[in-house]
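Novice: Fold the stuff below for me.
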Amino acid sequence: MMERSLTIALDPILEPFRPEITYTWRSLLTGMGYAWIEESWNGIPVDIAYTTDPALAPPARLLIRANPERWERPAQQVLRGIEAGSGWTRPHFSGPSEHGPPVTLQDGRVIIERDVVFDVFWLLSGQEEYQRPRGRHGYIDLSGTATLELGVLRQALASAIGQRIESQLAELGYGPGIPRWPYGARLAAACGHDVDYPEIIRWIEPLRILARQGLAGLGPAASVALGRHSHWHFRSWMELERRFGARSAFYFIARKGSLYEYATGLPDGFYDIRAPHFRALFRELAAEGWEIGLHASYLAHTSAEKFAAERALLAAVSGQPIAGNRHHYWRLDLQNPEDTLLLHERVGFAYDASLTHNRYLGWRRGSTWPFYPWHQGQRRPLRTLQLPTAWMDDHLFGQRADNPGDRRSLLHGLVETTARQGGLLLVDVHDYVYDDALFPGWAAAYRELWEHLFTRGDVWFATPVAIATHWADRQAMLEHASTGLEPGAAPVTPGVRARRD
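Specialist: Prediction:
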(Lines give C-alpha, C1' and ligand atoms only; values in the text may rest on other atoms or scores of the structure.)
Protein backbone atom coordinates (compact mmCIF):
# COMPACT_ATOMS: atom_id res chain seq x y z
CA MET A 1 0.00 0.00 0.00
CA MET A 2 1.37 3.42 -0.98
CA GLU A 3 1.41 5.88 1.92
CA ARG A 4 0.23 9.44 1.40
CA SER A 5 2.55 12.10 2.83
CA LEU A 6 2.00 15.70 3.86
CA THR A 7 4.69 18.26 4.58
CA ILE A 8 4.17 20.24 7.77
CA ALA A 9 5.98 23.08 9.53
CA LEU A 10 5.60 24.14 13.17
CA ASP A 11 6.09 27.70 14.35
CA PRO A 12 9.34 27.99 16.40
CA ILE A 13 7.47 30.10 18.95
CA LEU A 14 5.70 26.88 19.95
CA GLU A 15 8.94 25.04 20.75
CA PRO A 16 8.30 24.95 24.56
CA PHE A 17 5.22 22.85 23.87
CA ARG A 18 6.76 20.65 21.20
CA PRO A 19 6.18 17.27 22.92
CA GLU A 20 2.47 17.97 23.34
CA ILE A 21 2.08 19.46 19.86
CA THR A 22 3.93 16.69 18.02
CA TYR A 23 1.91 14.07 19.93
CA THR A 24 -1.31 15.74 18.83
CA TRP A 25 -0.26 16.09 15.21
CA ARG A 26 0.88 12.47 15.09
CA SER A 27 -2.48 11.39 16.52
CA LEU A 28 -4.36 13.46 13.94
CA LEU A 29 -2.27 12.50 10.92
CA THR A 30 -2.22 8.79 11.68
CA GLY A 31 -5.95 8.92 12.33
CA MET A 32 -6.44 10.58 8.94
CA GLY A 33 -4.08 8.10 7.29
CA TYR A 34 -1.23 10.38 6.23
CA ALA A 35 2.49 9.99 6.69
CA TRP A 36 4.33 13.26 7.30
CA ILE A 37 7.51 15.13 6.53
CA GLU A 38 8.33 17.93 8.95
CA GLU A 39 10.12 20.84 7.31
CA SER A 40 12.03 23.61 9.01
CA TRP A 41 10.41 27.03 9.41
CA ASN A 42 12.37 28.83 6.69
CA GLY A 43 10.06 29.66 3.84
CA ILE A 44 9.96 26.35 1.97
CA PRO A 45 6.41 25.70 0.75
CA VAL A 46 4.56 23.10 2.81
CA ASP A 47 1.13 21.53 2.85
CA ILE A 48 0.31 22.51 6.44
CA ALA A 49 1.67 25.27 8.64
CA TYR A 50 0.81 25.45 12.34
CA THR A 51 1.51 29.07 13.16
CA THR A 52 0.89 31.85 15.63
CA ASP A 53 0.76 34.35 12.74
CA PRO A 54 -0.29 33.27 9.23
CA ALA A 55 1.35 36.38 7.79
CA LEU A 56 4.77 35.13 8.91
CA ALA A 57 4.31 31.46 8.03
CA PRO A 58 5.95 29.72 5.10
CA PRO A 59 3.78 29.26 2.02
CA ALA A 60 1.17 26.60 2.86
CA ARG A 61 -2.13 25.41 1.48
CA LEU A 62 -3.63 24.89 4.95
CA LEU A 63 -2.74 27.04 7.94
CA ILE A 64 -3.99 26.56 11.49
CA ARG A 65 -3.59 29.43 13.90
CA ALA A 66 -1.90 28.38 17.15
CA ASN A 67 -2.52 29.99 20.51
CA PRO A 68 0.49 29.63 22.85
CA GLU A 69 -1.52 30.89 25.83
CA ARG A 70 -3.68 27.78 25.70
CA TRP A 71 -0.68 25.47 25.56
CA GLU A 72 0.84 27.26 28.57
CA ARG A 73 -2.20 26.54 30.77
CA PRO A 74 -4.14 23.60 29.32
CA ALA A 75 -5.77 22.62 32.60
CA GLN A 76 -7.24 26.12 33.00
CA GLN A 77 -9.18 26.01 29.74
CA VAL A 78 -12.90 25.49 30.25
CA LEU A 79 -15.44 24.06 27.84
CA ARG A 80 -18.37 26.48 27.66
CA GLY A 81 -20.47 25.25 24.78
CA ILE A 82 -20.61 24.07 21.22
CA GLU A 83 -20.85 26.13 18.06
CA ALA A 84 -21.17 25.03 14.48
CA GLY A 85 -19.64 27.32 11.91
CA SER A 86 -18.51 26.91 8.31
CA GLY A 87 -19.02 23.18 8.54
CA TRP A 88 -16.89 22.82 11.67
CA THR A 89 -18.11 21.38 14.93
CA ARG A 90 -16.15 23.47 17.36
CA PRO A 91 -15.59 23.09 21.08
CA HIS A 92 -15.96 26.55 22.56
CA PHE A 93 -13.31 27.46 25.14
CA SER A 94 -12.63 30.62 27.03
CA GLY A 95 -9.61 32.54 25.84
CA PRO A 96 -8.44 35.03 23.24
CA SER A 97 -8.57 32.60 20.31
CA GLU A 98 -12.34 32.98 20.17
CA HIS A 99 -11.96 36.04 17.97
CA GLY A 100 -12.44 35.76 14.22
CA PRO A 101 -14.26 33.34 11.96
CA PRO A 102 -13.32 29.65 12.06
CA VAL A 103 -12.06 29.54 8.46
CA THR A 104 -10.84 32.26 6.10
CA LEU A 105 -9.42 32.26 2.58
CA GLN A 106 -6.36 34.30 1.60
CA ASP A 107 -4.57 34.07 -1.75
CA GLY A 108 -5.68 30.51 -2.34
CA ARG A 109 -4.79 29.42 1.20
CA VAL A 110 -7.22 28.11 3.79
CA ILE A 111 -6.68 29.46 7.29
CA ILE A 112 -8.37 27.86 10.30
CA GLU A 113 -8.48 30.72 12.75
CA ARG A 114 -9.10 28.62 15.83
CA ASP A 115 -6.46 26.48 17.52
CA VAL A 116 -8.21 23.19 16.86
CA VAL A 117 -4.94 21.32 17.43
CA PHE A 118 -5.00 22.40 21.06
CA ASP A 119 -8.66 21.44 21.25
CA VAL A 120 -7.75 17.89 20.25
CA PHE A 121 -4.97 17.74 22.83
CA TRP A 122 -7.30 19.09 25.54
CA LEU A 123 -9.78 16.33 24.79
CA LEU A 124 -7.40 13.39 24.30
CA SER A 125 -5.43 14.22 27.44
CA GLY A 126 -8.57 14.44 29.58
CA GLN A 127 -8.04 17.96 30.92
CA GLU A 128 -11.68 18.37 31.95
CA GLU A 129 -11.47 15.30 34.18
CA TYR A 130 -9.14 17.10 36.56
CA GLN A 131 -11.67 19.90 37.06
CA ARG A 132 -14.71 17.81 38.02
CA PRO A 133 -15.82 16.30 41.31
CA ARG A 134 -15.98 12.56 41.76
CA GLY A 135 -18.64 10.47 43.36
CA ARG A 136 -18.94 6.87 44.47
CA HIS A 137 -16.19 4.60 43.11
CA GLY A 138 -14.48 7.70 41.73
CA TYR A 139 -16.98 8.24 38.94
CA ILE A 140 -16.65 11.68 37.35
CA ASP A 141 -19.64 13.93 37.96
CA LEU A 142 -20.56 16.12 34.98
CA SER A 143 -23.86 17.33 36.43
CA GLY A 144 -24.75 20.83 35.24
CA THR A 145 -21.90 21.06 32.74
CA ALA A 146 -22.14 22.08 29.10
CA THR A 147 -20.43 18.80 28.27
CA LEU A 148 -23.46 16.92 29.52
CA GLU A 149 -26.25 19.35 28.69
CA LEU A 150 -25.19 19.75 25.05
CA GLY A 151 -24.44 16.08 24.43
CA VAL A 152 -20.75 16.78 23.82
CA LEU A 153 -19.67 13.23 24.70
CA ARG A 154 -21.83 11.80 21.93
CA GLN A 155 -20.22 14.11 19.33
CA ALA A 156 -16.64 12.80 19.76
CA LEU A 157 -15.16 16.21 19.08
CA ALA A 158 -11.48 15.22 18.86
CA SER A 159 -12.01 12.80 15.99
CA ALA A 160 -14.63 15.17 14.56
CA ILE A 161 -11.91 17.80 14.25
CA GLY A 162 -9.64 15.26 12.60
CA GLN A 163 -12.37 14.32 10.17
CA ARG A 164 -13.00 17.99 9.31
CA ILE A 165 -9.30 18.62 8.67
CA GLU A 166 -9.38 15.55 6.44
CA SER A 167 -12.36 17.00 4.58
CA GLN A 168 -10.65 20.38 4.27
CA LEU A 169 -7.64 18.73 2.68
CA ALA A 170 -9.94 16.95 0.24
CA GLU A 171 -11.50 20.28 -0.70
CA LEU A 172 -7.99 21.58 -1.40
CA GLY A 173 -7.47 18.72 -3.82
CA TYR A 174 -5.45 16.31 -1.69
CA GLY A 175 -6.09 12.61 -2.12
CA PRO A 176 -7.37 10.56 0.81
CA GLY A 177 -5.10 8.98 3.37
CA ILE A 178 -4.83 5.23 3.72
CA PRO A 179 -8.11 3.63 4.88
CA ARG A 180 -8.75 3.33 8.58
CA TRP A 181 -10.31 -0.11 8.31
CA PRO A 182 -9.83 -3.19 6.11
CA TYR A 183 -12.16 -4.74 3.54
CA GLY A 184 -13.54 -1.37 2.46
CA ALA A 185 -15.33 -0.90 5.78
CA ARG A 186 -16.44 2.57 6.75
CA LEU A 187 -16.44 1.85 10.48
CA ALA A 188 -15.48 -0.91 12.90
CA ALA A 189 -17.63 -2.43 15.64
CA ALA A 190 -16.75 -4.59 18.62
CA CYS A 191 -18.25 -5.72 21.91
CA GLY A 192 -16.55 -6.59 25.16
CA HIS A 193 -18.60 -8.50 27.75
CA ASP A 194 -17.57 -7.78 31.34
CA VAL A 195 -17.86 -11.04 33.27
CA ASP A 196 -18.90 -9.69 36.65
CA TYR A 197 -21.48 -12.11 37.98
CA PRO A 198 -21.74 -15.34 35.95
CA GLU A 199 -22.96 -17.50 38.84
CA ILE A 200 -26.10 -16.51 40.74
CA ILE A 201 -26.16 -16.46 44.53
CA ARG A 202 -29.72 -17.66 44.91
CA TRP A 203 -30.49 -16.08 48.28
CA ILE A 204 -29.22 -12.65 47.21
CA GLU A 205 -30.28 -12.28 43.59
CA PRO A 206 -34.06 -12.22 44.26
CA LEU A 207 -33.54 -9.11 46.39
CA ARG A 208 -31.55 -7.46 43.61
CA ILE A 209 -34.30 -8.24 41.11
CA LEU A 210 -36.95 -6.69 43.34
CA ALA A 211 -34.77 -3.61 43.79
CA ARG A 212 -34.52 -3.21 40.00
CA GLN A 213 -38.06 -4.15 38.97
CA GLY A 214 -40.24 -3.55 42.01
CA LEU A 215 -43.41 -5.63 42.22
CA ALA A 216 -43.01 -6.62 38.58
CA GLY A 217 -39.99 -8.63 39.64
CA LEU A 218 -41.84 -10.97 42.02
CA GLY A 219 -42.17 -13.71 39.41
CA PRO A 220 -38.56 -13.56 38.17
CA ALA A 221 -37.31 -13.35 41.77
CA ALA A 222 -39.23 -16.51 42.67
CA SER A 223 -37.88 -18.27 39.56
CA VAL A 224 -34.32 -17.42 40.52
CA ALA A 225 -34.88 -18.63 44.06
CA LEU A 226 -36.12 -21.94 42.64
CA GLY A 227 -33.11 -22.26 40.34
CA ARG A 228 -34.99 -21.77 37.07
CA HIS A 229 -32.85 -18.88 35.82
CA SER A 230 -29.11 -18.55 35.41
CA HIS A 231 -26.50 -15.91 34.69
CA TRP A 232 -24.39 -18.37 32.68
CA HIS A 233 -25.12 -17.02 29.19
CA PHE A 234 -21.85 -17.37 27.33
CA ARG A 235 -23.29 -19.63 24.66
CA SER A 236 -26.30 -17.34 24.28
CA TRP A 237 -24.03 -14.40 23.44
CA MET A 238 -21.96 -16.59 21.13
CA GLU A 239 -25.03 -17.76 19.23
CA LEU A 240 -26.31 -14.18 18.89
CA GLU A 241 -23.00 -12.89 17.57
CA ARG A 242 -22.54 -15.77 15.13
CA ARG A 243 -25.63 -14.49 13.31
CA PHE A 244 -23.68 -11.40 12.32
CA GLY A 245 -20.36 -13.08 11.65
CA ALA A 246 -19.07 -11.27 14.73
CA ARG A 247 -16.81 -12.26 17.59
CA SER A 248 -16.57 -10.39 20.88
CA ALA A 249 -14.30 -10.38 23.92
CA PHE A 250 -15.10 -11.68 27.38
CA TYR A 251 -13.22 -9.89 30.18
CA PHE A 252 -12.75 -12.12 33.25
CA ILE A 253 -11.84 -11.07 36.79
CA ALA A 254 -8.84 -13.11 37.88
CA ARG A 255 -9.03 -12.15 41.54
CA LYS A 256 -11.74 -14.01 43.47
CA GLY A 257 -13.62 -11.77 45.86
CA SER A 258 -16.13 -12.58 48.58
CA LEU A 259 -19.45 -11.41 49.98
CA TYR A 260 -17.64 -10.02 53.01
CA GLU A 261 -15.30 -7.96 50.85
CA TYR A 262 -18.22 -6.77 48.75
CA ALA A 263 -20.08 -5.64 51.87
CA THR A 264 -17.01 -3.79 53.12
CA GLY A 265 -16.32 -1.92 49.90
CA LEU A 266 -14.24 -4.25 47.71
CA PRO A 267 -16.69 -5.34 44.99
CA ASP A 268 -14.76 -7.95 43.02
CA GLY A 269 -16.49 -10.95 41.49
CA PHE A 270 -17.20 -14.07 43.52
CA TYR A 271 -16.13 -16.65 40.95
CA ASP A 272 -12.89 -18.60 40.60
CA ILE A 273 -11.44 -18.77 37.08
CA ARG A 274 -9.40 -21.83 38.13
CA ALA A 275 -12.56 -23.94 38.51
CA PRO A 276 -12.97 -26.77 35.95
CA HIS A 277 -16.07 -25.29 34.33
CA PHE A 278 -14.25 -22.02 33.66
CA ARG A 279 -11.30 -23.87 32.16
CA ALA A 280 -13.72 -25.69 29.86
CA LEU A 281 -15.36 -22.39 28.96
CA PHE A 282 -12.01 -20.85 28.05
CA ARG A 283 -11.27 -23.75 25.70
CA GLU A 284 -14.65 -23.35 24.03
CA LEU A 285 -14.33 -19.59 23.59
CA ALA A 286 -10.82 -19.78 22.19
CA ALA A 287 -11.64 -22.64 19.82
CA GLU A 288 -14.39 -20.59 18.16
CA GLY A 289 -12.55 -17.29 17.88
CA TRP A 290 -13.78 -15.31 20.87
CA GLU A 291 -11.25 -13.17 22.72
CA ILE A 292 -10.40 -13.64 26.40
CA GLY A 293 -9.33 -10.47 28.18
CA LEU A 294 -8.71 -9.29 31.73
CA HIS A 295 -11.30 -7.45 33.78
CA ALA A 296 -8.80 -5.91 36.19
CA SER A 297 -9.91 -6.11 39.81
CA TYR A 298 -11.17 -3.11 41.75
CA LEU A 299 -7.76 -2.30 43.25
CA ALA A 300 -5.51 -3.64 40.48
CA HIS A 301 -4.50 -0.09 39.64
CA THR A 302 -2.75 0.30 43.01
CA SER A 303 0.03 -2.21 42.29
CA ALA A 304 1.83 -3.13 39.09
CA GLU A 305 2.84 -6.44 40.65
CA LYS A 306 -0.73 -7.43 41.55
CA PHE A 307 -1.97 -6.21 38.19
CA ALA A 308 0.62 -8.31 36.36
CA ALA A 309 -0.17 -11.32 38.54
CA GLU A 310 -3.85 -11.12 37.58
CA ARG A 311 -2.95 -11.07 33.91
CA ALA A 312 -0.50 -13.95 34.30
CA LEU A 313 -3.05 -16.08 36.17
CA LEU A 314 -5.73 -15.58 33.53
CA ALA A 315 -3.24 -16.40 30.76
CA ALA A 316 -2.13 -19.56 32.54
CA VAL A 317 -5.64 -20.79 33.30
CA SER A 318 -7.13 -19.93 29.90
CA GLY A 319 -4.14 -21.01 27.85
CA GLN A 320 -4.48 -17.78 25.84
CA PRO A 321 -2.39 -14.62 25.53
CA ILE A 322 -4.11 -11.77 27.36
CA ALA A 323 -3.65 -8.69 25.21
CA GLY A 324 -6.54 -6.52 26.40
CA ASN A 325 -7.96 -5.12 29.61
CA ARG A 326 -10.95 -3.28 30.95
CA HIS A 327 -11.12 -2.19 34.59
CA HIS A 328 -13.86 -3.45 36.89
CA TYR A 329 -16.06 -0.46 37.82
CA TRP A 330 -13.92 1.55 35.35
CA ARG A 331 -11.64 1.92 38.37
CA LEU A 332 -8.59 4.01 37.49
CA ASP A 333 -6.44 6.06 39.85
CA LEU A 334 -8.82 8.72 41.19
CA GLN A 335 -6.37 11.61 41.18
CA ASN A 336 -4.23 10.71 38.18
CA PRO A 337 -5.92 8.36 35.68
CA GLU A 338 -2.82 8.58 33.50
CA ASP A 339 -0.84 6.72 36.17
CA THR A 340 -3.14 3.73 35.71
CA LEU A 341 -2.75 4.05 31.94
CA LEU A 342 1.01 3.93 32.51
CA LEU A 343 0.54 0.65 34.40
CA HIS A 344 -1.03 -0.85 31.28
CA GLU A 345 2.25 -0.18 29.49
CA ARG A 346 4.32 -1.61 32.35
CA VAL A 347 2.21 -4.77 32.56
CA GLY A 348 2.41 -5.22 28.79
CA PHE A 349 -1.14 -4.87 27.49
CA ALA A 350 -1.56 -4.23 23.78
CA TYR A 351 -4.75 -2.28 24.47
CA ASP A 352 -7.06 -1.08 27.21
CA ALA A 353 -10.75 -0.15 26.94
CA SER A 354 -11.42 1.61 30.25
CA LEU A 355 -11.73 5.28 29.33
CA THR A 356 -15.45 5.86 29.47
CA HIS A 357 -17.91 7.31 31.95
CA ASN A 358 -19.97 5.06 34.19
CA ARG A 359 -22.94 7.43 34.06
CA TYR A 360 -22.79 9.00 30.61
CA LEU A 361 -23.18 7.70 27.08
CA GLY A 362 -20.49 8.68 24.59
CA TRP A 363 -16.73 9.05 24.21
CA ARG A 364 -14.98 10.20 27.37
CA ARG A 365 -11.87 11.51 25.60
CA GLY A 366 -13.72 12.77 22.53
CA SER A 367 -12.48 10.25 19.97
CA THR A 368 -14.05 7.44 17.96
CA TRP A 369 -10.53 6.72 16.69
CA PRO A 370 -8.23 4.53 18.80
CA PHE A 371 -5.36 6.54 20.26
CA TYR A 372 -2.31 6.29 22.45
CA PRO A 373 -2.98 8.21 25.68
CA TRP A 374 -0.78 11.08 26.80
CA HIS A 375 1.12 10.98 30.10
CA GLN A 376 1.42 14.54 31.36
CA GLY A 377 4.08 13.81 33.97
CA GLN A 378 6.42 12.15 31.47
CA ARG A 379 5.31 14.31 28.54
CA ARG A 380 5.00 11.39 26.13
CA PRO A 381 2.42 9.06 24.61
CA LEU A 382 1.99 5.70 26.28
CA ARG A 383 2.55 2.47 24.36
CA THR A 384 -0.75 0.75 25.26
CA LEU A 385 -3.42 1.65 22.73
CA GLN A 386 -6.73 2.95 24.05
CA LEU A 387 -9.89 1.61 22.42
CA PRO A 388 -12.60 4.14 23.32
CA THR A 389 -15.78 2.58 24.76
CA ALA A 390 -18.93 4.47 23.73
CA TRP A 391 -21.80 2.58 25.37
CA MET A 392 -22.17 0.45 28.47
CA ASP A 393 -25.51 -1.34 28.72
CA ASP A 394 -26.42 0.31 32.04
CA HIS A 395 -26.20 3.79 30.48
CA LEU A 396 -29.64 3.20 28.95
CA PHE A 397 -31.16 1.30 31.86
CA GLY A 398 -29.87 2.00 35.37
CA GLN A 399 -28.46 5.40 34.34
CA ARG A 400 -31.46 6.58 32.30
CA ALA A 401 -31.72 9.88 34.20
CA ASP A 402 -28.31 10.91 32.85
CA ASN A 403 -29.07 9.71 29.32
CA PRO A 404 -32.64 10.72 28.48
CA GLY A 405 -34.20 9.96 25.14
CA ASP A 406 -35.25 7.03 23.04
CA ARG A 407 -32.78 4.16 23.44
CA ARG A 408 -32.87 3.16 19.81
CA SER A 409 -32.32 6.74 18.62
CA LEU A 410 -29.43 7.27 21.02
CA LEU A 411 -27.66 4.11 19.87
CA HIS A 412 -28.29 4.84 16.21
CA GLY A 413 -26.89 8.30 16.83
CA LEU A 414 -23.66 6.72 18.06
CA VAL A 415 -23.55 4.65 14.88
CA GLU A 416 -24.00 7.72 12.69
CA THR A 417 -21.29 9.64 14.52
CA THR A 418 -18.91 6.69 14.22
CA ALA A 419 -19.68 6.22 10.53
CA ARG A 420 -19.28 9.91 9.75
CA GLN A 421 -15.85 9.91 11.39
CA GLY A 422 -14.81 6.47 10.16
CA GLY A 423 -14.27 5.37 13.73
CA LEU A 424 -14.74 2.45 16.10
CA LEU A 425 -17.97 1.69 17.95
CA LEU A 426 -16.94 -0.34 20.99
CA VAL A 427 -19.67 -1.33 23.46
CA ASP A 428 -19.76 -3.02 26.86
CA VAL A 429 -22.58 -5.48 27.55
CA HIS A 430 -22.32 -7.49 30.77
CA ASP A 431 -22.30 -11.26 30.68
CA TYR A 432 -25.36 -11.74 32.90
CA VAL A 433 -27.97 -9.48 31.26
CA TYR A 434 -29.06 -11.86 28.48
CA ASP A 435 -32.10 -13.15 30.41
CA ASP A 436 -35.05 -10.93 29.47
CA ALA A 437 -37.01 -11.90 32.59
CA LEU A 438 -34.24 -10.66 34.86
CA PHE A 439 -33.07 -7.75 32.72
CA PRO A 440 -35.94 -6.73 30.45
CA GLY A 441 -34.75 -5.15 27.24
CA TRP A 442 -31.03 -5.24 27.95
CA ALA A 443 -29.98 -7.95 25.50
CA ALA A 444 -32.60 -6.75 23.02
CA ALA A 445 -30.93 -3.32 22.86
CA TYR A 446 -27.62 -4.95 21.95
CA ARG A 447 -29.27 -7.31 19.47
CA GLU A 448 -31.07 -4.46 17.70
CA LEU A 449 -27.88 -2.40 17.55
CA TRP A 450 -25.91 -5.26 15.99
CA GLU A 451 -28.74 -5.92 13.52
CA HIS A 452 -28.69 -2.25 12.54
CA LEU A 453 -24.93 -2.35 12.03
CA PHE A 454 -25.12 -5.61 10.10
CA THR A 455 -27.70 -4.29 7.64
CA ARG A 456 -25.48 -1.29 6.80
CA GLY A 457 -23.02 -3.54 4.98
CA ASP A 458 -20.07 -1.23 5.66
CA VAL A 459 -19.03 -2.39 9.13
CA TRP A 460 -15.99 -4.44 10.07
CA PHE A 461 -17.01 -6.66 12.98
CA ALA A 462 -13.94 -7.87 14.87
CA THR A 463 -12.68 -8.64 18.34
CA PRO A 464 -11.13 -5.74 20.22
CA VAL A 465 -7.69 -7.34 19.98
CA ALA A 466 -8.01 -7.67 16.18
CA ILE A 467 -8.97 -4.00 15.96
CA ALA A 468 -6.11 -2.96 18.23
CA THR A 469 -3.61 -5.02 16.22
CA HIS A 470 -4.83 -3.53 12.95
CA TRP A 471 -4.63 0.04 14.26
CA ALA A 472 -1.19 -0.42 15.82
CA ASP A 473 0.19 -1.97 12.62
CA ARG A 474 -1.33 0.81 10.53
CA GLN A 475 0.14 3.51 12.76
CA ALA A 476 3.55 1.83 12.79
CA MET A 477 3.53 1.71 8.98
CA LEU A 478 2.72 5.42 8.74
CA GLU A 479 5.35 6.35 11.31
CA HIS A 480 7.96 4.29 9.45
CA ALA A 481 7.18 6.24 6.28
CA SER A 482 7.42 9.61 8.06
CA THR A 483 10.09 12.08 9.04
CA GLY A 484 10.02 14.53 11.94
CA LEU A 485 7.33 15.52 14.44
CA GLU A 486 9.57 14.12 17.15
CA PRO A 487 9.35 15.53 20.68
CA GLY A 488 12.96 16.77 20.53
CA ALA A 489 14.37 19.66 18.54
CA ALA A 490 12.70 20.77 15.33
CA PRO A 491 14.50 20.25 12.01
CA VAL A 492 16.81 23.12 11.07
CA THR A 493 17.92 22.21 7.56
CA PRO A 494 15.50 20.88 4.98
CA GLY A 495 16.56 17.83 3.04
CA VAL A 496 15.70 16.93 -0.53
CA ARG A 497 12.88 14.45 -0.19
CA ALA A 498 10.69 12.74 -2.75
CA ARG A 499 7.01 13.50 -2.31
CA ARG A 500 4.54 10.59 -2.14
CA ASP A 501 1.13 11.46 -3.50
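
Novice: got the buried residues for stretch 443-459?
Specialist: 443, 445, 446, 447, 449, 450, 453, 459 (16 or more other C-beta atoms under 10 Å). C-betas here are computed from N, CA, C, even on glycine.

Novice: which of these lies closest to residue 244?
Specialist: residue 450 (5.3 Å; C-beta to C-beta).

Novice: Let me know the helix or strand that that closest one is in.
Specialist: Counting by DSSP states H and E, the element that carries residue 450 is helix 442-456.

Novice: pLDDT of that helix, averaged?
Specialist: The average pLDDT for helix 442-456 rounds to 98.

Novice: Other residues contacting it?
Specialist: 186, 189, 191, 236, 240-241, 243-244, 246, 393, 396-397, 407-408, 411-412, 415, 419, 425, 427, 429, 433-436, 459, 461 (C-beta atoms under 8 Å, 6 or more residues apart in numbering).

Novice: Just the buried ones from these?
Specialist: By 16+ other C-beta under 10 Å, those give 186, 189, 191, 240-241, 244, 246, 393, 396-397, 407, 411, 415, 419, 425, 427, 429, 433-435, 459, 461 as buried.

Novice: Narrow those to those in helices?
Specialist: 240, 241, 407, 411, 415, 419 (DSSP state H).

Novice: Does residue 344 lie in a helix or a strand, and which?
Specialist: Assigned by DSSP H and E, residue 344 falls in helix 337-347.

Novice: For that helix, buried residues please.
Specialist: Residues of helix 337-347 classed as buried by neighbour count (16+ other C-beta under 10 Å): 337, 338, 340, 341, 342, 343, 344, 345, 347.

Novice: just stretch 14-22 next, same as before
Specialist: Residues of stretch 14-22 classed as buried by neighbour count (16+ other C-beta under 10 Å): 14, 17, 18, 19, 20, 21, 22.

Novice: which other residues reach that stretch?
Specialist: Against stretch 14-22 from outside (C-beta under 8 Å, 6+ apart): 10, 50, 52, 66, 68, 71-72, 74, 117, 121, 125, 374, 379-380, 485-488, 490.

Novice: Report the mean confidence score over that stretch.
Specialist: pLDDT averaged over stretch 14-22 gives 98.

Novice: what's the span of that stretch from first residue to last?
Specialist: 11 Å (C-alpha to C-alpha, to the nearest Å).

Novice: next one: stretch 449-463
Specialist: So stretch 449-463: terminal residues 16 Å apart, C-alpha to C-alpha.

Novice: quick revisit: roughly how far is the helix holding residue 450 from the heart of the chain?
Specialist: How far helix 442-456 lies from its chain's middle: 20 Å, per C-alpha atoms, centre = their mean, to the nearest Å.

Novice: before we move on, what about stretch 351-367?
Specialist: 6 Å.

Novice: for that stretch, what is the average pLDDT?
Specialist: pLDDT averaged over stretch 351-367 gives 97.

Novice: what's the span of it from first residue to last?
Specialist: One end of stretch 351-367 to the other measures 15 Å (C-alpha to C-alpha).

Novice: circling back to that earlier point, with distance to residue 319 and pLDDT added, can I get the ones in helices among the buried ones among the contacts of helix 442-456 in JSON lines?
Specialist: What follows is these, written out as JSON lines (distance: C-beta to C-beta, whole Å; pLDDT from 0 to 100):
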{"residue": "240", "distance to residue 319": "25", "pLDDT": "97"}
{"residue": "241", "distance to residue 319": "22", "pLDDT": "98"}
{"residue": "407", "distance to residue 319": "38", "pLDDT": "97"}
{"residue": "411", "distance to residue 319": "35", "pLDDT": "98"}
{"residue": "415", "distance to residue 319": "35", "pLDDT": "98"}
{"residue": "419", "distance to residue 319": "37", "pLDDT": "98"}
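
Novice: quick one: which of those residues is nearest to residue 364?
Specialist: Nearest member of these to residue 364, counting by C-beta to C-beta, is residue 411, at 17.3 Å.

Novice: Near residue 108, how many residues? Count them for me, please.
Specialist: For residue 108, the neighbour count with other C-beta atoms under 10 Å is 8.

Novice: What's the per-residue pLDDT of residue 78 here?
Specialist: The model's pLDDT for residue 78 equals 67.

Novice: wait, I meant residue 87
Specialist: 41.

Novice: tell me the contacts of the closest residue to residue 355 other than its chain neighbours?
Specialist: Closest residue in space to residue 355, ignoring its immediate chain neighbours: residue 364 at 5.0 Å, by C-beta to C-beta, 6 or more residues apart in numbering. Contacts for residue 364 (C-beta under 8 Å, 6+ apart) come out as 126, 129, 153, 355, 356, 357, 388, 389.
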